[in-house]
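Colleague: Predicted model, plus sequence, below.
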Amino acid sequence: MKKSLIYTAAYTLSITALISVGYANASEKDSTLPHIDGNVQFPLTRWGIGGNFRHSFRLHVPKNSKAVTQLLIKIPENVTVSNDIKNIDIVDDNEHKINTNVSINGKTILLDFTEAVAPNTKFDVDLNKIKRRNIGNGYVYTFSAKEVGIDAVIPIGIAWFRLY
């Protein structure tokens with residue numbers, strides 16, 4: 001009986017390890033709102049809690065959307081982001097840097113684009129040298145954006161990193 005329980009637990013853990021590390025909610029391609037297309041963590045291991053990691057997010061401004069002027073990222077409580085803005089990279093599909101004024105206020109990162117990000121654009125946001133604590137069931141980032149001609153902040157999605 002004990003062996004059966006151990007084998008079941010080992011099988012369950014091995015299947016869980018095959019599941020993707022990052023989960024992001026993505027809208028349809030015909031959407032009129034910017035959304036998150038994906039997220040990933042480097043390194044992919046859970047070991048080394050407290051070490052430096054990179055959380056990367058892929059965002060999409062669909063062709064039916066308005067241009068995006070700002071992006072707000074709420075950082076999870078169990079993640080510490082470096083206050084050095086040089087540790088945040090924003091690049092487009094062609095690996096060209098997107099000019100951005102970055103400010104960090106507590107657990108919120110504000111990306112203020114010097115030129116609005118045009119519709120039909122995909123870009124990556126890399127948060128380098130973050131530190132994470134193994135508290136809770138994972139890390140959940142929330143994203144909001146401001147679009148051209150709209151003063152309101154629009155929630156555009158979440159990105160979740162599971163712990164195993």
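Modeller: Structure received. Numbers count the residues shown, from 1 in each chain.

Colleague: Show me the strands in the protein, by range?
Modeller: Here the chain has its strands, by DSSP state E, at 22-24, 35-42, 52-61, 68-74, 79-80, 88-92, 100-105, 108-117, 121-132, 138-147, 154-162.

Colleague: residues in contact with Lys63?
Modeller: 119-120 (Cβ atoms under 8 Å, 6 or more residues apart in numbering). The C-beta positions use only the backbone N, C-alpha and C, and glycine is treated the same way.

Colleague: could I get the strands of the chain as JSON lines with mean pLDDT and mean neighbour count?
Modeller: Listed next are the strands of the chain as JSON lines, based on pLDDT from 0 to 100; neighbours: other Cβ atoms under 10 Å:
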{"stretch": "strand 22-24", "mean pLDDT": "46", "mean neighbour count": "19"}
{"stretch": "strand 35-42", "mean pLDDT": "90", "mean neighbour count": "19"}
{"stretch": "strand 52-61", "mean pLDDT": "92", "mean neighbour count": "20"}
{"stretch": "strand 68-74", "mean pLDDT": "97", "mean neighbour count": "20"}
{"stretch": "strand 79-80", "mean pLDDT": "86", "mean neighbour count": "17"}
{"stretch": "strand 88-92", "mean pLDDT": "94", "mean neighbour count": "16"}
{"stretch": "strand 100-105", "mean pLDDT": "94", "mean neighbour count": "14"}
{"stretch": "strand 108-117", "mean pLDDT": "96", "mean neighbour count": "16"}
{"stretch": "strand 121-132", "mean pLDDT": "91", "mean neighbour count": "19"}
{"stretch": "strand 138-147", "mean pLDDT": "93", "mean neighbour count": "20"}
{"stretch": "strand 154-162", "mean pLDDT": "91", "mean neighbour count": "18"}
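
Colleague: tell me which residues form a beta bridge with the residue nearest in space to the middle of the chain?
Modeller: Nearest to the mean C-alpha position of the chain, counting by Cα atoms, centre = their mean, stands Phe57 at 3.9 Å. Listed by DSSP bridges, the beta-bridge partners for Phe57 are Asn39, Val125.
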